[in-house]
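**Student:** Mind looking at a prediction? Sequence and model below.
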Amino acid sequence: MSDISKNAPIESKQQLIDYIASGAKPKSDWTIGTEHEKFVYCVDSGKPVPYHGERSIKAILEALRDEFDWSPIMEGDNIIGLKKDGQSVTLEPGGQLELSGAMLKTLHQTCAESTSHLRQAQAVSEKLGINYIGMGFNPNTKREDVPVMPKGRYNIMRAYMPTKGDLGLDMMLRTSTIQVNLDYSSEADMVKKFRVSLALQPLATAIFAASPFTEGKPNGFQSFRSHIWTDTDPDRCGILPFVFEDGMGYEAYVDHVLDVPMYFINRGDTYHDVSGKSFKDFMNGTLEGFKGEVPTIKDWEDHMSTLFPEVRLKKFLEMRGADGGTWNRICALPALWVGLLYDDQALEEAWDMIKDWTADEHQALRDNVPRDALNVPFRNTNVQGLAKQMLEISAGGLERRANLNNMGEDERVFLKPLFEVVESGKTTAQRMLDCYHGAWNGDISNIFKDCSF
């Protein structure tokens, strides 16, 4: 949509439905948008990096701007991000640094993009005594010791989160993830992809599990990041049972979003706190503090971005179930979902795999995978067996895509670390725990030597 249409007033629910429908595009135009976050820490102390100071998040962003020609994103006087060639570098609430990649055609391109970003980030950070680690939860820092980034929307969220759940602030300040954004061709295609990816998301959570520590000690989970979402905000998180029901489509998702309370309204550099209030009232011109004003499409985009289900629909579908991870995991996550969702045969095979799963089975997977990952039982097998089946379907899809790199390898090359996990039965979390109880001798500081980028 153009900026003009983003500023157009919303006069009916149909505009919201049309907004999502406008994301549909022919298969020839489908792209891959990869997002990945990582924790930023001081090499000498293992502590998170503050926003201000000589050794800071601000210094990283300014160095990337000056040395690699990124354009700054400002909020007031603060540099809060960067943009270049369809990519953006942004800050999560606790200083986690995120690359939101450009929409690219192949996995080879998206992996090259991630590699370029990480090399640039390392080039500027090395001079500052800063490094990065990819995992799902900050392994050693207390919540109160995490520096807060100067972004207005985060101030509102930080105040509202504790009213809805006990772990929302941990989600904001101490978690990190890898995500991928993928396209659909029609409403029916969106629905099938939504159902398949939502059903299989716990399997991805298991394979990518990498958050077994809290404040230097084992926390009893393999993906504590995933567990955190179960106690963040029930209004905007979860597995969305209505997606599997008759009548699922663009309108059903719009109705769901309209039922979720708002966080904020953004005007210029100012974020107005409307947490807990109704977007429907905003549309009716009766929102307290904004009476007589109706929202724009930009306001709708902002509101949609404050929902946090395992799969999120905008004008594309976002896969949201994975912990942050190492360099090769950043390339593996989009490969998994592209193989499953962008090949017709693979999508049909994945649908056949999950189409008779019950609501209770979906919920049981979601509830149990954060703790037990691949070991969760399911019917006559377990998540490890399901994950192997899922990876084989994805590999078939990637083989049929037949996109080769300059060494003649197709996109299946990116699935190798995931096959290693399911064939060994050991997640990254379990390998970290083995080190903790073995070579690290219970000293969490070793994680920064062994697991950083």
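**Tutor:** Okay, I see it. Numbers count the residues shown, from 1 in each chain.

**Student:** how close does the closest residue to S445 other than its chain neighbours sit to N446?
**Tutor:** Nearest non-adjacent residue to S445, counting by Cβ to Cβ, 6 or more residues apart in numbering: G46, 5.5 Å away. (Each C-beta comes from the backbone N, C-alpha and C, glycine too.) Going from G46 to N446 by Cβ to Cβ, to the nearest Å gives 10 Å.

**Student:** Also L386?
**Tutor:** Distance, L386 to N446, using Cβ to Cβ: 33 Å.

**Student:** So between those two, which is more surrounded?
**Tutor:** L386 (22 against 16; other Cβ atoms under 10 Å).

**Student:** Am I right that Q120 is in contact with A63?
**Tutor:** No - if you go by Cβ atoms under 8 Å, Q120 and A63 don't touch, sitting 9.2 Å apart.

**Student:** So what's the gap between the helix or strand hosting V254 and the chain middle?
**Tutor:** Assessed by DSSP states H and E, V254 sits inside helix 250-259. How far helix 250-259 lies from its chain's middle: 21 Å, per Cα atoms, centre = their mean, to the nearest Å.

**Student:** contacting residues around it?
**Tutor:** The list of residues contacting helix 250-259 from outside it, by Cβ atoms under 8 Å, 6 or more residues apart in numbering, reads 13, 16-17, 20-21, 187, 190, 235, 240, 242-243, 279-280, 303-304, 307, 313.

**Student:** For those, I'd like a selection string for ChimeraX - just the buried members, please.
**Tutor:** With 16 or more other Cβ atoms under 10 Å as the criterion, this ChimeraX line picks the buried residues out of these:
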select :16,17,20,21,187,190,240,243,279,303,304,307,313
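
**Student:** Now do the contacts for the nearest residue to K164 once chain neighbours are set aside.
**Tutor:** Once flanking residues are discounted, K164 sits nearest to D233: 4.1 Å by Cβ to Cβ, 6+ apart. Neighbour list for D233: M161, K164, G165, G168, F308 [criterion: Cβ under 8 Å, 6+ apart].

**Student:** now, which of those lie within strands?
**Tutor:** Of the positions in the contacts of D233, F308 sit in strands, assigned by DSSP state E.

**Student:** Against which helices or strands is whichever helix or strand R119 is part of packed?
**Tutor:** Using DSSP H and E, R119 sits in helix 107-126. On a contact count with 3 or more Cβ pairs under 8 Å, 6 or more residues apart in numbering; DSSP states H and E, helix 107-126 meets strand 32-42, helix 57-68, strand 87-91, strand 97-100, strand 130-133, helix 327-341.

**Student:** residues of stretch 244-263 that come out buried?
**Tutor:** So for stretch 244-263, counting by 16+ other Cβ under 10 Å, buried means 244, 248, 250-254, 256-258, 260-263.

**Student:** if we can go back for a sec, out of the helices and strands packed on helix 107-126, flag the one nearest R143.
**Tutor:** Minimum separation from R143 across these (Cβ to Cβ) falls at strand 32-42, 13.9 Å.

**Student:** So for the closest one, what gets flagged as buried?
**Tutor:** Quick answer for strand 32-42 (16+ other Cβ under 10 Å): I32, G33, T34, E35, H36, E37, K38, F39, V40, Y41, C42.

**Student:** How far away from the center of its chain is it?
**Tutor:** With Cα atoms, centre = their mean, you get 10 Å for strand 32-42.

**Student:** May I have it as PDB, with CA atoms only?
**Tutor:** The C-alpha trace of strand 32-42 is given here as PDB (Å, rounded to 0.1, in the frame of the first residue of the first chain):
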ATOM      1  CA  ILE A  32      11.300 -15.000   1.800                       C
ATOM      2  CA  GLY A  33      11.800 -12.500   4.600                       C
ATOM      3  CA  THR A  34      14.000 -13.700   7.400                       C
ATOM      4  CA  GLU A  35      14.200 -12.000  10.800                       C
ATOM      5  CA  HIS A  36      16.700 -12.900  13.500                       C
ATOM      6  CA  GLU A  37      17.500 -11.400  16.900                       C
ATOM      7  CA  LYS A  38      20.600 -11.900  19.000                       C
ATOM      8  CA  PHE A  39      21.800 -10.900  22.500                       C
ATOM      9  CA  VAL A  40      24.500  -8.200  22.600                       C
ATOM     10  CA  TYR A  41      27.000  -8.500  25.400                       C
ATOM     11  CA  CYS A  42      30.200  -7.100  26.700                       C
END
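
**Student:** Show me what it is packed against.
**Tutor:** Packed next to strand 32-42, using 3+ Cβ pairs under 8 Å, 6+ apart, are strand 97-100, helix 107-126, strand 130-133, strand 177-182, helix 327-341.

**Student:** Which of those has the highest mean neighbour count?
**Tutor:** helix 327-341 (a mean of 26; mean count of other Cβ atoms under 10 Å).

**Student:** and it, what does it pack onto?
**Tutor:** Using 3+ Cβ pairs under 8 Å, 6+ apart, helix 327-341 sits against strand 32-42, helix 107-126, strand 177-182, helix 187-207, strand 317-323, helix 344-354, helix 383-401, helix 416-424.

**Student:** between the ones you listed, which gets nearest to D450?
**Tutor:** Nearest of the helices and strands packed on helix 327-341 (Cβ to Cβ): strand 32-42, 13.8 Å.

**Student:** Next, G81: secondary structure please.
**Tutor:** strand (DSSP: H, G, I helix; E, B strand; the rest coil).

**Student:** Not counting its neighbours along the chain, what's nearest it?
**Tutor:** Leaving aside its chain neighbours, G81 sits nearest to I73 (3.6 Å; criterion: Cβ to Cβ, 6+ apart).

**Student:** again with M103
**Tutor:** T31 (3.7 Å).

**Student:** Let me know whether the one you found touches D183 as I believe.
**Tutor:** Yes - using Cβ under 8 Å as the test, T31 is close enough to D183 to be in contact (6.3 Å).

**Student:** Do you know the pLDDT at D443?
**Tutor:** Here, the pLDDT recorded for D443 equals 98.

**Student:** mind checking how far it is from R431?
**Tutor:** Distance from D443 to R431, by Cβ to Cβ: 16 Å.

**Student:** the more surrounded of the two?
**Tutor:** R431 (16 against 10).

**Student:** Can I get the one helix or strand the more buried one maps to as PDB, trimmed to CA atoms?
**Tutor:** Taking DSSP H and E as the definition, one finds R431 inside helix 428-437. Output in PDB follows, covering the C-alpha atoms of helix 428-437 (Å, rounded to 0.1, in the frame of the first residue of the first chain):
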ATOM      1  CA  THR A 428      21.000 -27.300  21.200                       C
ATOM      2  CA  ALA A 429      19.500 -26.900  24.700                       C
ATOM      3  CA  GLN A 430      20.400 -30.400  25.700                       C
ATOM      4  CA  ARG A 431      24.000 -30.000  24.300                       C
ATOM      5  CA  MET A 432      24.300 -26.800  26.300                       C
ATOM      6  CA  LEU A 433      23.100 -28.600  29.400                       C
ATOM      7  CA  ASP A 434      25.600 -31.400  28.800                       C
ATOM      8  CA  CYS A 435      28.400 -28.800  28.600                       C
ATOM      9  CA  TYR A 436      27.100 -27.100  31.800                       C
ATOM     10  CA  HIS A 437      27.200 -30.300  33.800                       C
END
